[in-house]
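quick check, what structure comes out for this input:
(one chain, ligands or ions: 1)
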Amino acid sequence: MPGPDSTAAALFVCSPEDTAFLLAELQRRAPASQPHAHAPGLVRAAFADGLPELPFAFARQTLPDATPVDAASIRVWAESIAPRLAESFPDAQPWRRHFWPHYGTGTAGNHRCELIAEAVDDQLRRRRRHLLRRLADSGTPFAPDESLVQLVLTSPESGFLSIAPAPGPHRWRAAIPPFVGGWIPVASDKSAPSRAFAKLLEAERRLGRAIAPGETCVDLGASPGSWTYVAAARGARVTSVDRSPLRDDLMRNPLVDFRQGDAFRFEPDAPVDWLLCDVIAAPQRSIDLALEWAERGWARHLVVTIKFKGSDEYPLLDALLALAPRCTDFRLARLCANKNEACVIASLKSSRP
Ligand SMILES: C[S@@+](CC[C@H](N)C(=O)[O-])C[C@H]1O[C@@H](n2cnc3c(N)ncnc32)[C@H](O)[C@@H]1O
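Numbers count the residues shown, from 1 in each chain. Predicted coordinates for the structure are as follows:
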């Protein structure tokens with residue numbers, strides 16, 4: 001089996017503060033992968049049976065088969081990357097490029113990544129013009145024919161390169177979000193009742209599906225109403241449950257049906273399109289609620305936050321992995337907009353005719 005320093009090891013990116021939690025998660029779920037921290041925010045692990053398709057909640061991004069590369073100049077970087085792309089990616093299929101720095105502060109590393117990307121383009125223009133034409137720039141989930149090259153610079157002259165030919169990025173889409181470094185800028189909207197709305201926007205982007213006009217939602221723990229605000233703005237009908245009322249304008253919104261009461265006792269009259277749940281509760285209660293809604297077929301899509309006090313209960317998140325085989329899409333992540341929370345985002349396989 002390759003050791004953690006082998007060139008075939010995966011590299012996981014997390015927020016620097018989450019490094020210990022990601023290491024613990026890997027040690028718990030894949031002890032043979034011998035996870036170790038390369039630097040704060042970068043963890044390597046080797047999987048003898050291939051990279052798992054299920055996500056690690058504390059990993060923000062995954063680089064399959066990440067190879068360490070040293071390159072003294074932009075030209076050498078391009079010479080290390082372009083030939084490997086050219087031999088791995090088919091001419092006729094789209095591919096994406098994610099290059100980003102994981103060192104220093106400010107914009108110097110970003111500029112270097114742009115220069116490396118331009119130099120790679122120059123090389124491809126000479127060797128593989130057709131391949132360059134299929135370079136795509138998108139934040140949508142990976143399609144089965146899309147390939148991905150990721151480069152994370154750990155200094156101006158060193159980094160990790162990961163070349164994932166199709167259908168890898170699609171197959172690992174639960175673990176490889178289609179955003180550079182897995183980072184999604186936190187949205188802002190001064191008209192929303194609170195900043196919580198950013199979590200739902202991020203969840204939609206991660207799933208690659210937004211709440212649609214005419215869909216039905218149940219929003220548990222809805223007050224003051226940011227998630228309800230987002231769903232109603234999309235033209236969905238929302239049943240919002242909380243012990244406290246929503247902001248006044250939402251209470252009057254004809255698309256919103258507010259029910260005062262206990263989120264954990266609420267049962268829908270009929271299955272809905274979306275369960276949205278941001279209730280403040282012990283993590284096991286929110287996990288059980290997500291599992292129950294899935295089990296009962298009460299919603300087609302779930303967005304449920306799991307809130308923590310401290311870090312002792314993070315291993316409880318593993319129970320949510322049981323949902324994955326029943327889903328067409330499954331994500332379990334600490335959102336960029338989350339504080340001490342994680343979020344399960346899932347589309348269930350249809351049980352309806
Ligand atoms: C973080 S806030 C939700 C914010 C909301 N998602 C938004 O976008 O504005 C959590 C909410 O859960 C509610 N809550 C806590 N326990 C509850 C329960 N058992 N039943 C209903 N609501 C509950 C609280 O009243 C609070 O409004």
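
tell me how many other residues crowd residue 255.
16 (other C-beta atoms under 10 Å). (Glycine included, C-beta is placed from N, CA and C.)

correction: residue 12
28.

tell me the bridge partners for it.
Counting by DSSP bridges, residue 12 is bridged to residue 43, residue 62.

residue contacts, it?
22, 26, 42-45, 56, 59, 61-63 (C-beta atoms under 8 Å, 6 or more residues apart in numbering).

can we see that at 6 Å?
Counting by C-beta atoms under 6 Å, 6 or more residues apart in numbering, residue 12 touches 43, 59, 62.

for the residue of the stretch 1-150 of the chain found nearest the ligand, give its distance to residue 277.
The ligand sits closest to residue 57 of the stretch 1-150 of the chain, with a gap of 19.2 Å, by C-beta to the nearest ligand atom. Applying C-beta to C-beta, to the nearest Å, the value for residue 57 to residue 277 is 17 Å.

what's the helix or strand for the spatially most central residue of the chain?
Per C-alpha atoms, centre = their mean, the C-alpha nearest to the average position across the chain is that of residue 177, at 4.5 Å. According to DSSP states H and E, residue 177 maps onto no helix or strand at all.

state the distance from it to residue 141.
Residue 177 is 8 Å from residue 141, by C-beta to C-beta.

ditto for residue 217
21 Å.

now residue 319
Distance from residue 319 to residue 141, by C-beta to C-beta: 25 Å.

what does residue 180 give?
15 Å.

the two: which is more packed in?
residue 141 (20 against 17).

for the more buried one, what are its contacts?
173, 178, 208.

which among these gets closest to residue 84?
residue 178 (21.0 Å; C-beta to C-beta).

and the ligand, which of the contacts of residue 12 reach it?
For the ligand, no contacts are drawn from the contacts of residue 12 by C-beta under 6 Å from any ligand atom.

which of these has the most neighbours?
Going by other C-beta under 10 Å, residue 43 tops these with 28 neighbours.

and residue 163, which of the three is it?
Under DSSP: H, G, I helix; E, B strand; the rest coil, residue 163 falls in the strand class.

mind checking how far it is from residue 328?
27 Å.

who has more neighbours, those two?
More neighbours surround residue 163 than the other of residue 163 and residue 328, with 22 against 11 (other C-beta under 10 Å).

returning to that earlier point: give me the nearest residue to the residue nearest to the centre of the chain, chain neighbours excluded.
residue 206 (5.9 Å; C-beta to C-beta, 6 or more residues apart in numbering).

what residues does the stretch 101-250 of the chain put near the ligand?
193-194, 196-197, 221-227, 241-244.

filter the residues you listed to the buried ones?
In those, burial by neighbour count holds for 193, 196-197, 221-227, 241-242, counting by 16 or more other C-beta atoms under 10 Å.

so which residues of the stretch 101-250 of the chain form strands?
Taking DSSP state E, counting those that start in this stretch, the strands of the stretch 101-250 of the chain run over residues 135-136, 147-155, 158-164, 216-220, 237-242.

quick one: pLDDT of the residue lying farthest from the centre of the chain?
Farthest-out residue of the chain from its mean C-alpha position, per C-alpha atoms, centre = their mean: residue 126, at 35.0 Å. On the pLDDT scale, residue 126 is placed at 90.

mind listing what's buried in stretch 295-314?
For stretch 295-314, by 16+ other C-beta under 10 Å, it's 298-308, 314.

do the same with stretch 344-353
344-348.

what's the answer for stretch 197-217, then?
197-209, 211, 215-217.

and what of stretch 108-122?
So, applying 16+ other C-beta under 10 Å, buried residues of stretch 108-122: 109, 112-113, 115-117, 119-120.

among those residues, which are in helices?
109, 112-113, 115-117, 119-120 (DSSP state H).

report all helices and strands that the strand or helix carrying residue 76 contacts.
Element membership of residue 76 [criterion: DSSP H and E] is helix 74-88. Using 3 or more C-beta pairs under 6 Å, 6 or more residues apart in numbering; DSSP states H and E, the elements in contact with helix 74-88 are helix 108-127.

let me see the residues that make contact with the helix it packs on.
Taking C-beta under 6 Å, 6+ apart as the rule, helix 108-127 contacts 74, 77-78, 81-82, 86, 99-101, 103, 131-132, 153, 156.

how does it look with 7 Å?
74-75, 77-78, 81-82, 85-86, 97, 99-101, 103, 131-132, 151, 153, 156 (C-beta atoms under 7 Å, 6 or more residues apart in numbering).

of those residues, select the buried ones using a PyMOL command.
In PyMOL, this line selects whichever of those come out buried by 16+ other C-beta under 10 Å:
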select buried, resi 74+77+78+81+82+85+97+99+100+101+131+132+151+153+156
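
can you give me the helices for the stretch 251-353 of the chain?
Here the stretch 251-353 of the chain has its helices, by DSSP state H, counting those that start in this stretch, at 283-295.

tell me the residues of it that contact the ligand?
So far as C-beta under 6 Å from any ligand atom goes, the stretch 251-353 of the chain lies against the ligand at 262-264, 278-281.

in JSON lines: those residues, plus pLDDT.
Converted to JSON lines, those look like this (pLDDT from 0 to 100):
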{"residue": "262", "pLDDT": "98"}
{"residue": "263", "pLDDT": "98"}
{"residue": "264", "pLDDT": "98"}
{"residue": "278", "pLDDT": "97"}
{"residue": "279", "pLDDT": "98"}
{"residue": "280", "pLDDT": "96"}
{"residue": "281", "pLDDT": "97"}
